[in-house]
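Pasted the sequence and its predicted model underneath.
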Amino acid sequence: MFSDDLKRLIDQGLLRTISDRERTAQEKFISPLAHVNINRTECINFASNDYLGLSASPILTKAAEEALKSFPFGAGASRLLSGGTMLHALLEETAARFKCSESALVFNSGYQANVSCIAALARDGDVIFSDELNHASIVDGCRLSKAKKRIYRHCDADHLAALIKEEKSGNKFVVTDTVFSMDGDIAPVNNLYTLCKSLSNTILYLDDAHGTGVLGGGRGALAHFGLRPEPWIVQMGTFSKALGSFGAFVAGSREVINWLINTARGLIYSTALPPGVIAASLAAITTIAKDSSFNVKLWQNHKKAVEGISEAGFKIICKETPILAVTVGDIAETLAFSDKLWQRHIYAPAIRPPTVKTPRLRITVSAAHSDEDIYALIQAVNDCR
Ligand code: PLP
């Protein structure tokens, strides 16, 4: 049934395959996520979203171990039944405080948060305005919502304002990634904020998956732009990326969170996250709230990588975040470049359509990388020119 379509993907160089990690010879490495062992090749990993290197931190593993002494491994039920623990509630309080928000709600993943919350908040008769490059989970949330959808040009607040003017009725929802996961650029959150503030019945929904722990000293996109949360702003953040754990949260007004508790299907109809995972997320967010060293190291590594790749003559789509999308040619050339890097023990995968319109290498920098790792990347990029 699918063989012809799979063959077409192979012919176009677009077949996706999974490369799972093997165990690393850990004694040789600082962080098991900064170095990976795939297909029996040990590589420096520039393909993770573990921006602060927390996923391998004993801070998280110890917290999870401690939780398992008091709670069972599995949650056993959804939050609305018996799946939550005091750790879930504490994590929500901590996430709300971290985002300076009134309230927060934990979701099982960022994908589930976006799909559930957008569909629950934007209802029949409402209008969603979505950036054309928003993450697939936002796109799917919009598809599930009964609201009308309008797509605005990427990061174009003027186009957004023009579309908003055309819509005379219904609540309005402006939805955007704060950091775009494949281009690494930052949404003009300041302009979106000003626009939404000037309107009535308008919610600004920020997917801060790649901003949390990274931008604004770690607090995220609002802090990056010097903005404070408002009752009409909803912030989604993930524990799965810079926080090194798993799951997500939505922070907003108490009213919004109460509405989500009553209507977000991904919360209501799915088993809660296990207490060990919640404890690790709690340890991560507590750590970065008081210790900026991970964030500082991330940006030091980012600066070195940007300088090195630029000096080698390559174009980075956006240099403002740890997601460095480097264009090296068409699909075949990008795959070949990634392969050459691989042979030099650098893992930086090619990202191709349909995930993106134009192929690129996606190089992500982490605080877990040592100076030697970053120099090895720059050396390899120079060798492959
Ligand atoms: N939003 C954005 C912008 C993302 O890049 C991702 C993950 O890739 C998600 C949401 C989904 O988050 P999670 O991996 O926790 O499901």
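It's in. Numbers count the residues shown, from 1 in each chain.

make it CA atoms for all contacts and neighbour counts henceforth
Will do.

Chain neighbours aside, what residue packs nearest to Leu52?
Ala367 (4.8 Å; CA to CA, 6 or more residues apart in numbering).

what's that neighbour sitting at in phi/psi?
Dihedral pair for Ala367: phi -70, psi -20, per degrees, to the nearest 10.

Pull the number of nearby residues for it.
Counted by other CA atoms under 10 Å, the residues lying close to Ala367 total 25.

so it touches Ser292, yeah?
No. In this structure, Ala367 is not within contact of Ser292 by CA atoms under 8 Å, at 11.3 Å.

Report pLDDT for the residue of the chain found nearest the ligand.
Proximity to the ligand, evaluated over the chain using CA to the nearest ligand atom, is greatest for Gly110 at 3.3 Å. With respect to pLDDT, Gly110 has a value of 98.

what ranges do the helices span in the stretch 101-250 of the chain?
For the stretch 101-250 of the chain, the helices defined by DSSP state H, counting those that start in this stretch cover 110-121, 136-144, 157-166, 189-197, 221-224.

State the number of residues packed around Thr286.
Thr286, neighbours per other CA under 10 Å, totals 15.

next one: Asn191
15.

now it: how far from Ala157?
The gap separating Asn191 from Ala157 is 6 Å, by CA to CA, to the nearest Å.

same deal with Ala223?
In terms of CA to CA, Ala223 sits 19 Å off from Ala157.

Those two: which is more packed in?
Ala157 (21 against 18).

what sits against that one?
The contact partners of Ala157, by CA atoms under 8 Å, 6 or more residues apart in numbering, come to 188, 191-192.

Let's have those in CSV, adding pLDDT and distance to the ligand.
Shown next, in CSV, are those (pLDDT from 0 to 100; distance: CA to the nearest ligand atom, whole Å):
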residue, pLDDT, distance to the ligand
Pro188, 98, 15
Asn191, 98, 19
Leu192, 98, 17
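
In terms of helices and strands, where is Leu15?
Using DSSP states H and E, Leu15 is not contained in any helix or strand.

Report pLDDT for the nearest residue to Lys172 once chain neighbours are set aside.
What sits nearest to Lys172 in space, not counting adjacent residues and going by CA to CA, 6+ apart, is Thr202, at 4.6 Å. Here, the pLDDT recorded for Thr202 equals 98.

pLDDT wise, what is the spatially most central residue of the chain at?
The centre of the chain sits closest to Ala209, judged by CA atoms, centre = their mean, with a distance of 3.2 Å. Among the per-residue scores, Ala209 shows a pLDDT of 98.

Quick check: it touching Thr238?
Yes. Using CA under 8 Å, Ala209 is in contact with Thr238, at 5.0 Å.

Now the common contact residues for these two.
Gly110.

who in the stretch 51-200 of the chain is up against the ligand?
109-111, 135, 137, 177, 181 (CA under 6 Å from any ligand atom).

Need those residues in TSV (columns: neighbour count).
As requested, those are exported to TSV (neighbours: other CA atoms under 10 Å):
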residue	neighbour count
Ser109	19
Gly110	26
Tyr111	20
His135	20
Ser137	18
Asp177	26
Ser181	21
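
Using a markdown table, please lay out the residues you listed together with distance to Ala350.
What follows is these, written out as a markdown table (distance: CA to CA, whole Å):
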| residue | distance to Ala350 |
| --- | --- |
| Ser109 | 25 |
| Gly110 | 23 |
| Tyr111 | 22 |
| His135 | 18 |
| Ser137 | 21 |
| Asp177 | 21 |
| Ser181 | 14 |
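
could you point out which element follows the helix ranked longest in the chain?
Longest helix of the chain, by residue count under DSSP state H: helix 293-311. Downstream of helix 293-311, the first helix or strand assigned by DSSP H and E is strand 315-316.

quick one: average confidence on that next one?
Taken as a whole, strand 315-316 has an average pLDDT of 95.

just how off-centre is it within its chain?
Centroid displacement of strand 315-316 relative to its chain, using CA atoms, centre = their mean, to the nearest Å, is 21 Å.

And for stretch 42-58?
With CA atoms, centre = their mean, you get 14 Å for stretch 42-58.

quick one: buried residues of it?
42-57 (16 or more other CA atoms under 10 Å).

What of stretch 9-16?
Leu14.

now stretch 184-194
Residues of stretch 184-194 classed as buried by neighbour count (16+ other CA under 10 Å): 184-189, 192-193.
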